[in-house]
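Colleague: model this:
(one chain, ligands or ions: 2)
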Amino acid sequence: MTTAPATELLGLQRPGVTVTGLLPDPSWATRWDDIVVADEMKRRLLGFGLFCLTQRGAHSTVGLPVHGLALLSGPPGTGKTTLAHGLANEIARTMSERGFAQHTLFAVVDPHSFPSEFLGESQRAVSRLFNDTLPELAQHGHPLIVLIDEAETLAVTRSRASFDTNPVDVHRATDAVLTGVDRLAEEHRNVLLVATTNDERAIDRAFLSRVDVHETFELPPTNVVARILVDTLSRLGVRLSAGDPQITALAAVCVANGADARQVRKMVLQAVVSNGVDLALAPEQLRVDHLSAIVDSLEQTR
Ligand SMILES: Nc1ncnc2c1ncn2[C@@H]1O[C@H](COP(=O)(O)OP(=O)(O)O)[C@@H](O)[C@H]1O
Ligand SMILES: [Mg+2]
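Modeller: Residues are numbered from 1 along each chain as shown. Ligands and ions are numbered 1, 2, ... in the order given. Down below sits the predicted model:
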């Protein structure tokens, strides 16, 4: 086993993947704390990640078939990618606190390295990722959390693959993902894969069946939108309560218009920047009226 200190691996780039985090990193804490989802979801994800990275090594993959694969699915703008980062940091923080590992590596798979338009290329690239690159990273012995963002680009449902593009390649690339996930699970128990998708139906069923924990993200309901509005406003120094009837009313309009959490946060920004120089330079002066005008425009554009 080649054991490089974790600190030397940060920034390491290999075909298809880059080590973007040496965790825990206190500046990543907001990616966990500020994403509003059910507490149980956070608890399950954290429990799963910790179990995988600390306990799984002692069990056979037949008796306890853990692949070390979590899937976060749901509409865009609901916090999947951000929470995947936050989860990695929270796992790393807990493992460091409890003396399991001082550092955890966080690596991100680059979907652009798998160009489906080139016949044969994507299959080779995917095989290389799972058979060479990730095992090489894992061999350093540090816990490794790998984000496969928008996994539908990698594990395309074979039944939906378009037969006039490059069906053979799509099938082979998906097969390469599946055998790769199996091999990683078998040989490298220090790896946790966190995949996200905006379109679960586009993911191959065989990939889905390997998922150990599947969490579904939803568009935020009124009380969550209200919390996100209040949280975003507080960043600008505007203090309001989520129970404030004006905020609840705005949140209800957001929900009625199908706004996602990212849009909700951006509406606060829009309210600041579309009301003149004075407000842009002193955003703490923002009032609910400014925000109402933006939220109302949601209704008009529908
Ligand atoms: N559930 C949420 N709670 C609070 N903020 C959220 C939530 N979901 C999204 N956001 C905001 O939108 C941004 C983008 O979310 P992102 O993680 O990219 O969503 P996704 O990956 O589901 O498209 C976040 O960084 C955050 O500012
Ligand atoms: Mg995302």
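
Colleague: beta partners for the nearest residue in space to Glu136 that is not next to it in sequence?
Modeller: Closest residue in space to Glu136, ignoring its immediate chain neighbours: Arg14 at 7.2 Å, by C-beta to C-beta, 6 or more residues apart in numbering. Just so you know, the C-beta spots here come from the backbone N, C-alpha and C atoms, and that holds for glycine as well. For Arg14, the beta-bridge partners under DSSP bridges are Val17.

Colleague: Which residues are in contact with Arg14?
Modeller: Arg14 sits next to Thr133, Glu136, Leu137 when contact means C-beta atoms under 8 Å, 6 or more residues apart in numbering.

Colleague: For it, give its distance to Leu134.
Modeller: When distances are taken as C-beta to C-beta, to the nearest Å, Arg14 and Leu134 turn out to be 9 Å apart.

Colleague: just Ala195 next, same as before
Modeller: 13 Å.

Colleague: Look at these two and report which has more neighbours.
Modeller: Just comparing Ala195 and Leu134: by other C-beta atoms under 10 Å the higher neighbour count belongs to Ala195, 29 against 25.

Colleague: can you tell me which residue is nearest the centre of this protein?
Modeller: Within the chain, the residue whose C-alpha comes closest to the C-alpha centroid is Thr81; the distance, by C-alpha atoms, centre = their mean, is 2.5 Å.

Colleague: List the buried residues of stretch 244-264.
Modeller: Buried residues in stretch 244-264, counting neighbours by 16 or more other C-beta atoms under 10 Å, are found at Ile247, Thr248, Leu250, Ala251, Val253, Cys254, Val255, Ala259, Asp260, Ala261, Gln263, Val264.

Colleague: Read off the pLDDT value for Asp164.
Modeller: Confidence at Asp164, expressed as pLDDT, is 52.

Colleague: now Arg302
Modeller: The per-residue pLDDT reported for Arg302 equals 60.

Colleague: circling back: separation between the residue nearest to Glu136 and Val62?
Modeller: Using C-beta to C-beta, one obtains 31 Å as the distance from Arg14 to Val62.

Colleague: What of Ile148?
Modeller: The span separating Ile148 from Val62 equals 25 Å under the rule C-beta to C-beta.

Colleague: Which of these two has more residues huddled nearby?
Modeller: Of the pair Ile148 and Val62, Ile148 is the one with more neighbours under other C-beta under 10 Å, namely 24 against 6.

Colleague: Surely that one is in contact with Val194?
Modeller: Yes: with contact defined as C-beta atoms under 8 Å, Ile148 counts as touching Val194 (7.1 Å).

Colleague: in the chain, which helix has the most residues?
Modeller: Of all segments of type helix in the chain, defined using DSSP state H, the longest is helix 167-187.

Colleague: Mind listing what's buried along it?
Modeller: In terms of neighbour count (16+ other C-beta under 10 Å), helix 167-187 has its buried residues at 169-170, 172-178, 180-181, 184-185.

Colleague: just stretch 186-206 next, same as before
Modeller: Per 16+ other C-beta under 10 Å, stretch 186-206 contains these buried residues: 188-198, 202-204.

Colleague: out of these, who's near ligand 1?
Modeller: When C-beta under 6 Å from any ligand atom is applied, the members of the buried residues of stretch 186-206 adjacent to ligand 1 are Thr196.

Colleague: re earlier: what would the buried residues of helix 167-187 look like in CSV with distance to Gln300 and pLDDT?
Modeller: What follows is these, written out as CSV (distance: C-beta to C-beta, whole Å; pLDDT from 0 to 100):
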residue, distance to Gln300, pLDDT
Asp169, 45, 66
Val170, 42, 68
Arg172, 49, 74
Ala173, 44, 74
Thr174, 43, 78
Asp175, 49, 82
Ala176, 48, 81
Val177, 44, 84
Leu178, 47, 87
Gly180, 49, 88
Val181, 47, 89
Leu184, 50, 90
Ala185, 51, 90
